[in-house]
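Enquirer: Need the 3D shape of this:
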Amino acid sequence: MPDWFVEIRIFLSNSWVFILSPAILIFYFRKDWPAFRFTLITAAFFLYGTLIYSTLRELDEPYIWRYVIWAFNDLAWMALIAYLGIKDKVYLWQSVLGQLVVLGAPILQLFRLVDRHLWDLSYSTMMYKTLLPVINIATVVVCYLPLIYILLRKPQVNISQ
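Expert: Below you'll find the model as predicted:
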């Protein structure tokens, strides 16, 4: 395998984009555009987070701006998904559910900022390390919900013939 392919594979395996890739492909080939857009936008935000993670850690020595940037990233995702949900570009139910799941992330990021720098405490450490991965996993599950619905739906039997 070429080195560039191996590097891309390692990079994606460290990101949630790798887990969302099958959903993106399935929704594209099924032509389920609302689910495709939702999953693609979510994957793009996860990819953005993965791309800036190491640079942000290097540049943010006082550990302040990373929490503000992550909170802004979550709020930007929520705003974009809400806008697309209102415009019927993504499923409204998926938009609302995704926003409810992600709502805890910016709150947690800002609480972590206040806890570490204003109060100089460490109450948020275990919550941050536990809840943030749960929020990310729940967001991935919301991306897969249209596919789960399709798989669990019973086929319609036509009795009138």
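Enquirer: make it CA atoms for all contacts and neighbour counts henceforth
Expert: Fine.
Enquirer: Name the next helix or strand downstream of the strand or helix carrying residue 66, please.
Expert: In this assignment (DSSP states H and E), residue 66 forms part of helix 65-86. Once the chain leaves helix 65-86, the next helix or strand it forms, by DSSP H and E, is helix 92-102.
Enquirer: Who are the packing partners of that following helix?
Expert: Under the contact criterion of 3 or more C-alpha pairs under 8 Å, 6 or more residues apart in numbering; DSSP states H and E, helix 92-102 touches helix 65-86, helix 124-152.
Enquirer: Point out where the chain drops to low pLDDT.
Expert: Regions of the chain meeting the criterion pLDDT under 70 cover residues 1, 5-14, 154-161.
Enquirer: buried sites along the helix holding residue 66?
Expert: Buried residues in helix 65-86, counted by 16 or more other C-alpha atoms under 10 Å: 66-71, 73-75, 77-78, 81-82, 84-85.
Enquirer: Just send the helices and strands packed on helix 92-102 back as CSV, with distance to residue 28 too.
Expert: Shown next, in CSV, are those (distance: least, C-alpha to C-alpha, whole Å):
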stretch, distance to residue 28
helix 65-86, 18
helix 124-152, 12
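Enquirer: closest to residue 22 out of those?
Expert: Evaluated over the helices and strands packed on helix 92-102, closeness to residue 22 peaks at helix 124-152, with 9.5 Å, by C-alpha to C-alpha.
Enquirer: and that closest one, how far from the chain's centre?
Expert: 8 Å (C-alpha atoms, centre = their mean, to the nearest Å).
Enquirer: elements contacting that helix?
Expert: Here helix 124-152 touches helix 17-30, helix 33-59, helix 92-102, helix 104-113, going by 3+ C-alpha pairs under 8 Å, 6+ apart.
Enquirer: Can you get me the start-to-end distance on stretch 80-97?
Expert: 14 Å (C-alpha to C-alpha, to the nearest Å).
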